[in-house]
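> Using only what follows, build the 3D model:
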Amino acid sequence: MGIFDALTTAVAGLQAQSFALQNISGNIANSQTVGYKETNTSFQDLVSQASLGQQTANGVLASSSASNTVQGTIQSETVPTDMAINGDGWFVVAQPTGFVDNQPVFSSNNDYTRRGDFQLNQSGNLVNGAGYYLMGIPVDAATGNPLGSSAQVLQFNNNFVPAQETTAIQYQANLPSTPSVGSLNGGAFTADPVAGAQIIGTGATLKPDAPALGTGTVGGLTNATLLSSLTPPIALGNTITVSDGVNTTTYTSNGADTIGNLITAINSGAPGNADVSASLSSSGNLVLTPSSASLSPDTETITVGGTATAAAAVGFGVANNTFQPTNLLTQGITAGNTLTFTVSGGAPQTITFGLAAGDVATLAQLQTKIQTLTGASGSVNTANGDITLTGTNPAATIVVSGTAGVPALFGIQNLTANPGNGTVIGTDVPTFDAQSVDGGSITCYDAQGNPVNVDFRWAQVSTSPTGNLWQLFYQTDANATGSQTAWQNVGSTFEFNASGQLSSVNGSTTNLTTVPIQNLAVNGDSLGNVQVNLGTNGLTQYASSSGNAQVNSVQQNGFAAGQLQSISVDTQNRVVGAFSNGQTIPLAEITLATFSGEDALQPLNGEAYAATAESGPANYSATGSIVGSSLEASNVDIATQFSQLIVAQQAYGANAKVMSTADQMIQSLLQVIQ
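This is a model prediction of the structure:
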């Protein structure tokens, strides 16, 4: 019956247009909702299953169509924690399932949103206007590195940053090509500020001396464990050998011995035996260590051999049978390598590395050699291998040479050091001030966060033809009198070429960007070792009308302890905190998720979405960037919605007209029947 089918189809049309009207209504209602994504309507026709040529329209189905990938307009706001995503990505958020002791409890499921009107609540969480909590990865305030890789609900409550000691100073200045003061010649000083040279090693990464340690992989052993009960069993006549590289201990099983008997045999100390002792660890592993009876424990190598099955039974297989100590000969230095020091043109003093008599193999042995050099006093940092050497004569120079790469292994980058680490005493301060120029000052911080004011002065110590040489001093005691030290030379000599560019530091033309200051102390407050970073072309000597130094930039990396004052969002998708000590420090990385099928996300109340099978799981390779103090507006276009509203109204009325017409036709039919 075509008339009745027409009625049914018209009813389906009314329902479809009602569905479209509902979506339009929702879009218009949310046109001002932050991060809202409009919902469009998709229509699908239905046809009868009649034979070809007899098919008729059988209605229409309406379904929702998402616009999740359509960007809304980004609008500037005044709230620093407001954030908008420019491009691809979704905020990862969580909604509490309840509260325990006024603290939110969350499920294991994450939700996703583009609504970024986040504000701090009383617990320090960032919560948007719909009640969703922002998630991300906390950042280590000291290193700036993420703490983990999984997003978690962020909380910023009473964050406190400890004091950071100054370890580096960034310094840029222009020294006058023609100073308005005299050159520092030394003759007018009670204590010559131009003193002995200093070689400073920084940056060595050697490991401290440590003896070889051989630990068997089989655990649970006791002194009473029978060798014949092991897997594989140590049978009658099987042997285990332990060698120190010179002597060897050989144990032969009698078939009934225990682990205790084996340990006793290794520790017997009989003539010709290896210089190795054996014991059991708390976990029951057989442990072999040098006993240092005849060889240095830090140069002794342990090798386990004998019957293969016997060695394996106590945990020393082919891949686990040789153990080396930690010393210089296992860290890039080979036997026969040398390190030579020449002080003030005297006879070269050479240190040879190796195991022969008089050679050096360990940091401890090197320390002894360095301390006995003629014309210089020195030390070795036995924790990392840094060498520091100072000329004992104020006019001393030091030149370092040796096998290629060896000086650098001990942190020595500048191979030549000229005089330049002396002091200025209180009596000589007026003369020193008259023969030097102001180099600026900066407030640094000690380990407790106490401010330390560091003042610099530059002095020209030589001019052509001997070279245009300058040295840098810092004030170590502002109240020094008499013979007390007032100013300290940092220990480096800077040479400039005719073009006004820095050409060498301590005679080296390769490292012109960093200068170490050892044990920097001001008025009794020590900062330890501080690195002065000059940067590229950071120190120059161009013409200056005043004849004084012009400090272009001076900064440092220390700060006092501080309390969190406020948070905001930076351009690197991070939440950053402003602290009471003036520092701005990253606190967390905001996690952005993306999906293969973003339009298949399941909408939730509050502009949030849940992942579905059709959307695929969240991945965290979103390319969008977060814009702070901004919000993403709804992507609804009111003009378009009004146009669609008119279309839906007309279509609805037309379907109603079909129903009215069908009713009239049915009434006519009924009149004919009557």
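
> What is the neighbour count of Thr368?
11 (other C-beta atoms under 10 Å). Any C-beta I mention is one placed from the backbone N, CA and C, and that applies to glycine too.

> Surely Thr8 forms part of a helix?
Yes - assessed by DSSP: H, G, I helix; E, B strand; the rest coil, Thr8 belongs to a helix.

> Show me what the closest residue to it other than its chain neighbours is bridged to.
Excluding the flanking residues, the one nearest Thr8 by C-beta to C-beta, 6 or more residues apart in numbering is Gly59, at 6.6 Å. Beta-bridge pairing for Gly59 (DSSP bridges): Leu46.

> Just give me the residue right at the centre of the protein.
Asn145 (4.0 Å; C-alpha atoms, centre = their mean).

> just to revisit the earlier point, contacts only, for the residue nearest to Thr8.
By C-beta atoms under 8 Å, 6 or more residues apart in numbering, the contact list for Gly59 reads Thr8, Thr9, Ala12, Gly13, Asp45, Leu46.

> Could you tell me how many residues sit around the last one?
Neighbours of Leu46 under the rule other C-beta under 10 Å: 11.

> shift numbering so it begins at 52
Let's use 52 as the start, then, which means that last one is Leu97.

> What separation is there between it and Ala181?
For Leu97, the distance to Ala181 (C-beta to C-beta, to the nearest Å) stands at 38 Å.

> same check, this time on the fifth one
Look at Asp96 and Ala181: by C-beta to C-beta, they are 37 Å apart.

> Which single one of the contacts of Gly110 is nearest to Ala572?
Asp96 (87.3 Å; C-beta to C-beta).

> Help me confirm that Asn603 is found in a strand?
Yes - assessed with three-state DSSP, Asn603 lies in a strand.

> and the closest residue to it other than its chain neighbours, bridged to which residues?
Leaving out its chain neighbours, the residue that sits closest to Asn603 by C-beta to C-beta, 6+ apart is Gln223, at 4.5 Å. On the basis of DSSP bridges, Gln223 is bridged to Ser604.

> ok, how many other residues are close to Gln223?
Neighbour count for Gln223, taken as other C-beta under 10 Å: 19.

> thought it was touching Thr587?
No - if you go by C-beta atoms under 8 Å, Gln223 and Thr587 don't touch, sitting 9.9 Å apart.

> Val512 against Leu523, yeah?
No - in this structure Val512 lies outside contact range of Leu523 using C-beta under 8 Å: 10.7 Å.

> which other residues reach stretch 535-542?
Outside stretch 535-542, the residues touching it (C-beta under 8 Å, 6+ apart) are 244-246, 248-249, 251, 468, 471-477, 479-480, 483, 508, 522-529, 531, 566-569, 583.

> Buried ones only from those, please, as a PyMOL command.
Buried residues among those (16 or more other C-beta atoms under 10 Å), as a PyMOL selection:
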select buried, resi 244+245+246+248+249+251+468+471+472+473+474+475+476+477+479+480+483+508+522+523+524+525+526+527+528+531+566+567+568+569+583
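
> Can you show me the strands along the stretch 202-351 of the chain?
Ranges of strands in the stretch 202-351 of the chain, per DSSP state E, counting those that start in this stretch, are 203-204, 211-212, 219-225, 249-251, 265-266, 290-294, 299-303, 327-331, 337-341.

> Out of these, which one sits most buried?
The highest average neighbour count among the strands of the stretch 202-351 of the chain, using mean count of other C-beta atoms under 10 Å, belongs to strand 249-251 at a mean of 25.

> from the chain's centre, how far out does that strand sit?
Offset of strand 249-251 from its chain centre (C-alpha atoms, centre = their mean, to the nearest Å): 30 Å.

> residues making contact with that strand?
Strand 249-251 has contacts (C-beta under 8 Å, 6+ apart) with 392, 429, 438-442, 449, 451, 462-463, 465, 468, 471-472, 542, 567, 569.

> hmm, 7 Å instead?
If you take C-beta atoms under 7 Å, 6 or more residues apart in numbering as the criterion, strand 249-251 is touched by Thr439, Leu440, Thr441, Ile449, Val451, Ile463, Ala468, Asn472, Gly542, Pro567, Gln569.

> List just the nearest of those residues to Ala363.
Top of the list for closeness to Ala363, among those and by C-beta to C-beta, is Ile463 at 45.9 Å.

> Next, the contact list for the closest one, please.
Neighbour list for Ile463: Ile250, Gly252, Ile438, Val451 [criterion: C-beta under 7 Å, 6+ apart].

> Compute the distance between it and Ser555, please.
16 Å.

> With Gly575 instead?
Using C-beta to C-beta, Gly575 is found at 34 Å from Ser555.

> Compare the two (neighbour count), which wins?
Ser555 (20 against 7).

> How is the residue nearest to that one when sequence neighbours are not counted assigned, secondary-structure-wise?
With C-beta to C-beta, 6+ apart as the criterion, Ser555 has its nearest non-adjacent residue at 4.5 Å, and that residue is Glu546. Look at Glu546: counting by three-state DSSP, its state is strand.

> my guess is Glu546 meets Leu520, correct?
Yes - applying C-beta atoms under 7 Å as the test, Glu546 and Leu520 come out as touching, 5.3 Å apart.

> re earlier: neighbour count winner among Asp96 and Ala181?
Set Asp96 next to Ala181 and count neighbours by other C-beta under 10 Å: Ala181 wins out with 18 against 12.

> Quick check: that one vs Asp191, distance?
Going from Ala181 to Asp191 by C-beta to C-beta gives 31 Å.

> Can you lay out the contacts of strand 249-251 as a markdown table showing secondary structure?
Formatted as a markdown table, the contacts of strand 249-251 follow (three-state DSSP):
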| residue | secondary structure |
| --- | --- |
| Thr439 | strand |
| Leu440 | strand |
| Thr441 | strand |
| Ile449 | strand |
| Val451 | strand |
| Ile463 | coil |
| Ala468 | strand |
| Asn472 | coil |
| Gly542 | strand |
| Pro567 | strand |
| Gln569 | strand |
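
> ok, so of those residues, who is nearest Thr92?
Nearest to Thr92 out of the contacts of strand 249-251 is Pro567 (C-beta to C-beta; 71.4 Å).

> In the sheet, which residues pair with that closest one? Tell me.
Taking DSSP bridges, one finds Gln582 as the beta-bridge partners of Pro567.

> The one 10 residues further on too?
In this structure, Ser577 has the following beta-bridge partners (DSSP bridges): Ala572.

> Could you do Val505 as well?
Ile493.

> now stretch 677-689: how far from the chain's centre is it?
Its chain's average C-alpha position is 33 Å from that of stretch 677-689, according to C-alpha atoms, centre = their mean.

> Let me fix that, I meant to ask about stretch 456-464.
Chain-centre distance of stretch 456-464: 26 Å, with C-alpha atoms, centre = their mean.

> can you pull the buried residues of it?
Residues of stretch 456-464 classed as buried by neighbour count (16+ other C-beta under 10 Å): Val457, Pro458, Leu460, Phe461, Gly462, Ile463, Gln464.

> Looking at the residues you listed, which are in helices?
Members of these lying in helices (criterion: DSSP state H): Val457, Pro458, Leu460.

> roughly how far apart are the first one and Leu257?
Using C-beta to C-beta, Val457 is found at 12 Å from Leu257.

> Overlap of the contact sets of these two?
Counting by C-beta under 7 Å, 6+ apart, nothing touches both Val457 and Leu257.

> residues touching Thr674, list them.
Contact analysis of Thr674 by C-beta under 7 Å, 6+ apart lists Gly138, Asp139.

> just checking, it is part of a strand?
No - applying three-state DSSP, one finds Thr674 to be coil, outside a strand.

> Any figure for the gap between the residue nearest to Thr59 and Pro283?
Gly110 is 81 Å from Pro283, where distance means C-beta to C-beta.

> Not counting residues beside it along the chain, what's closest to Asn312?
Leaving out its chain neighbours, the residue that sits closest to Asn312 by C-beta to C-beta, 6+ apart is Leu278, at 7.8 Å.

> Fine by me, thanks again.
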